[in-house]
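A.B. asks: next comes the sequence, and after it the predicted model I'd like to discuss.
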There are 2 protein chains.
Amino acid sequence: MNGKTHTISELAQEFGVTTRTIRFYEEKGLISPLRQGQKRLYSNSDRVRIKLILRGKRIGMSLQECVDFIDMYDPEHNNAEQLRSLIDNVKRRRESLLQQKKDIDDMLAGLDEVQGLCEESLAGGRTRKNNPNPEKH
Amino acid sequence: MNGKTHTISELAQEFGVTTRTIRFYEEKGLISPLRQGQKRLYSNSDRVRIKLILRGKRIGMSLQECVDFIDMYDPEHNNAEQLRSLIDNVKRRRESLLQQKKDIDDMLAGLDEVQGLCEESLAGGRTRKNNPNPEKH
DNA sequence: ATTAACGTTTACGTTAACGTAAACTTGCGC
DNA sequence: GCGCAAGTTTACGTTAACGTAAACGTTAAT
């Protein structure tokens, strides 16, 4: 079940990061590529982990949070105790993500408004009556 | 038109941050509260700015990005040049936010899956035809 | 008047997440 | 063999976003 492998610079290229970054993730225990002599060989599962890490980072997670998150998919689900704890964890994460979605929606609404004002101002710089936006200050 | 003002500890309390954090934001030019003698007096607009900053932080923005974002609402929209640049900026931000939403939705889907597996494993740990989770002996 | 609870400035410390540089080794194209 | 590109380790540097501590001022109650 061992598919294609990748060099570090291939992955760096693919994800738009430096090799230093990838080695740093290994240093922190987020990935563990095989070695062929001294050189690192990245499996597809390594690739996916990096992808998940970067996805986490895009929404503002720390590397530690990324690991915690990824480890949920790959659980050492021994006993019921741990399972229940994991479910709690999942619930907290979901709450947090939903809050983030809400934040994003609010910001998107703000952007719409700003853009509207801009375009209006560009189009009819003088033809408008007065401030149609009772928002801030 | 000057409403209620707040002390630094009131705001720190309200937002669940330390006073150091609020002073730090001022140090970085993100807010500029008035003074009454030596003491800072925070207006409601200061309060809102802090709220917006923290919202930005929740979705992983840096403080600088937060400022940039907030300043969009409060534009020095002088000439058409600047307006067009602002619109471009808005568009880029929107793209980024939409990507983040996508990331979040993917993660939420992952969480659903994990939780499903957990609950299944908890509920039918013995009543299932066969152990869906291969333990080691 | 003293203490307590708040505020202030100044300044050094800390953590995360890499950047950057130096000094190797290794495979390969000529 | 030689150079060169791509890999490696080691180690110090950097930036953001605060934490933490010291030393001090100011009001309000005891």
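C.D. replies: Nice, thanks for sending it over.
A.B. asks: C-alpha from now on. contacts and neighbour counts both.
C.D. replies: Noted.
A.B. asks: am I right that A:G29 is in a strand?
C.D. replies: No - using DSSP: H, G, I helix; E, B strand; the rest coil, the assignment for A:G29 is coil, not a strand.
A.B. asks: list the contacts for it?
C.D. replies: Listed by Cα atoms under 8 Å, 6 or more residues apart in numbering or on different chains, A:G29 has no contact partners.
A.B. asks: what's the longest helix that chain A contains packed up against?
C.D. replies: Longest helix of chain A, by residue count under DSSP state H: helix A:80-123. On a contact count with 3 or more Cα pairs under 8 Å, 6 or more residues apart in numbering or on different chains; DSSP states H and E, helix A:80-123 meets helix B:44-58, helix B:63-73, helix B:80-123.
A.B. asks: give me the angle between the shortest one and helix B:44-58.
C.D. replies: In this case it means helix B:63-73. Per axes from the mean of the first three to the mean of the last three Cα atoms, to 10 degrees, the angle that helix B:63-73 makes with helix B:44-58 is 130 degrees.
A.B. asks: DNA strand C contacts on chain A?
C.D. replies: Taking Cα under 7 Å from any atom of the strand as the contact definition, chain A meets DNA strand C at A:17-21, A:24-25, A:37-38, A:61-64.
A.B. asks: among the helices and strands packed on helix A:80-123, which is nearest B:Q13?
C.D. replies: Of all those, helix B:44-58 sits nearest to B:Q13, with 12.0 Å by Cα to Cα.
A.B. asks: helices or strands up against the closest one?
C.D. replies: For helix B:44-58, the packing partners by 3+ Cα pairs under 8 Å, 6+ apart are helix A:80-123, helix B:63-73.
A.B. asks: now do the first one, average pLDDT.
C.D. replies: Averaging pLDDT along helix A:80-123 gives 94.
A.B. asks: that helix vs helix B:63-73, what angle?
C.D. replies: Going by the same axes, to 10 degrees, helix A:80-123 makes 40 degrees with helix B:63-73.
A.B. asks: okay, now the residue of chain A found nearest DNA strand C: neighbour count?
C.D. replies: DNA strand C sits closest to A:S62 of chain A, with a gap of 3.2 Å, by Cα to the nearest atom of the strand. By the criterion of other Cα atoms under 10 Å in any protein chain shown, A:S62 has 14 neighbours.
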